[in-house]
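Enquirer: make a model of this:
(one chain, ligands or ions: 1)
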Amino acid sequence: MSQSTVHIRSSIAASSGDEMSPLAGGNSLRIAGVSKTFVDGERMVEALRPVDLAIQPGEFVCFLGPSGCGKSTLLNIIAGLEQASSGTIFANEKEIRGTGTDRILLFQEAALFPWLNVQQNVEFGLRQARMPRKQRAEVGQHYLNMVGLSGFEHSYPHQLSGGMRQRAAIARALAIDPEILLMDEPFGALDAFTRDKLHSQVETIWHETRKTVLFVTHNVREAVALGDRVIVFAPRPGRIIRDFPIDLPRPRSLEDYQLVDKAAEILEVLRGEMQKQEQEDEFGSLIH
Ligand SMILES: Nc1ncnc2c1ncn2[C@@H]1O[C@H](COP(=O)(O)OP(=O)(O)OP(=O)(O)O)[C@@H](O)[C@H]1O
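Expert: Next up, the predicted model:
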């Protein structure tokens with residue numbers, strides 16, 4: 001780890017009041033019995049049955065499943081934006097209580113400030129952390145180069161393509177050096193070509209930074225292309241049904257036959273689960 005990275009961490013920790021986890025051991029996440037039931041007046045929605053998961057430092061883990069199976073709910077709980085109904089989450093064996101600069105959430109729509117240019121957006125968190133201007137510029141430029149946006153420092157979000165906006169959001173997240181990147185369908189709104197390009201960029205960035213990445217997607221091939229593990233969710237109620245290790249060589253191509261085969265295997269499991277669910281629903285409606 002470079003000296004400047006250490007410096008970024010300590011200055012952010014000092015100014016935000018966050019206690020950052022130890023640098024040397026990297027990071028890890030432990031999810032112990034985490035569930036969520038939304039209570040909406042009289043109505044209760046069991047969004048997530050208890051989840052137990054251990055995520056290794058630097059792992060790239062994809063959460064895959066159809067709409068409504070609790071993927072975003074789990075990600076939001078990990079981010080500290082949503083409170084679990086039961087269970088605990090530990091980052092580096094330290095219990096998570098709310099948001100923190102160690103976990104940054106990225107959404108489908110890159111949440112950039114429209115009134116700031118790319119450089120100002122990327123430096124935003126560093127400014128909050130009161131990093132000196134010169135150092136802020138160096139760190140910002142480093143991550144802008146990493147996502148291939150050098151030359152666009154002075155552009156405003158509305159002047160960028162969707163893919164470029166998403167890359168700027170990634171640079172902004174990386175600039176504050178989180179341990180864990182939480183990505184909620186970050187490429188869901190992009191065309192297939194841009195998406196494909198971003199897959200390889202994200203893989204390269206992950207390789208260079210060795211962040212722990214949790215990546216939510218509906219897309220089976222995307223999950224297999226990126227993940228060290230693909231964790232499959234099923235809906236009604238939301239729950240984890242399988243945890244597939246993906247040991248295909250990297251970099252991966254969406255057209256690779258091994259990747260296509262693995263995606264087909266996962267899809268088969270998911271289809272089987274959905275069919276089982278439909279039969280149960282049908283049976284349930286017959287006896288009620
Ligand atoms: N604030 C809320 N109040 C009530 N129910 C909610 C709330 N947020 C989510 N839910 C419900 O919880 C369940 C899980 O939602 P969640 O958004 O986590 O699923 P998802 O797998 O991420 O879906 P998608 O892929 O469509 O984003 C759904 O039934 C949803 O309607």
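
Enquirer: which one is the closest residue to the ligand within the stretch 101-250 of the chain nearest to, not counting chain neighbours?
Expert: Residue nearest to the ligand within the stretch 101-250 of the chain (CB to the nearest ligand atom): residue 238, separated by 5.1 Å. Yep, even glycine has a C-beta here, placed from its N, CA and C like the rest. Nearest non-adjacent residue to residue 238, counting by CB to CB, 6 or more residues apart in numbering: residue 70, 2.5 Å away.

Enquirer: which residues touch the nearest residue to residue 223 once chain neighbours are set aside?
Expert: Distances taken as CB to CB, 6+ apart put residue 62 closest to residue 223, at 3.8 Å, once the chain neighbours are dropped. Residue 62 makes contacts with 214, 215, 216, 217, 222, 223, 224, 226, 227, 229, 230, 231, as judged by CB atoms under 8 Å, 6 or more residues apart in numbering.

Enquirer: for the third one, give me its contacts.
Expert: Spelled out, it's residue 216. Counting by CB under 8 Å, 6+ apart, residue 216 touches 62, 63, 71, 72, 75, 183, 184, 185.

Enquirer: out of those residues, what pair is the most spread apart?
Expert: 62 and 72 (13.6 Å; CB to CB).

Enquirer: keeping just the C-alphas, turn the host helix or strand of residue 167 into CSV.
Expert: Using DSSP states H and E, residue 167 sits in helix 162-175. Extracted as CSV, the C-alpha positions of helix 162-175 are listed here (Å, rounded to 0.1, in the frame of the first residue of the first chain):
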residue,chain,number,x,y,z
GLY,A,162,-24.2,7.1,-18.9
GLY,A,163,-21.1,4.9,-18.9
MET,A,164,-18.8,7.8,-18.2
ARG,A,165,-21.0,9.1,-15.4
GLN,A,166,-20.9,5.6,-13.8
ARG,A,167,-17.1,5.6,-14.2
ALA,A,168,-16.9,9.1,-12.5
ALA,A,169,-19.0,7.7,-9.7
ILE,A,170,-16.6,4.8,-9.3
ALA,A,171,-13.7,7.2,-9.2
ARG,A,172,-15.4,9.2,-6.6
ALA,A,173,-16.0,6.2,-4.5
LEU,A,174,-12.5,4.9,-4.9
ALA,A,175,-11.0,8.3,-4.0
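
Enquirer: the next helix or strand after that helix packs against which elements?
Expert: Going down the chain from helix 162-175, the next helix or strand is strand 180-184, by DSSP H and E. Applying 3 or more CB pairs under 8 Å, 6 or more residues apart in numbering; DSSP states H and E, one finds that strand 180-184 makes contact with helix 71-79, strand 103-106, strand 212-217.
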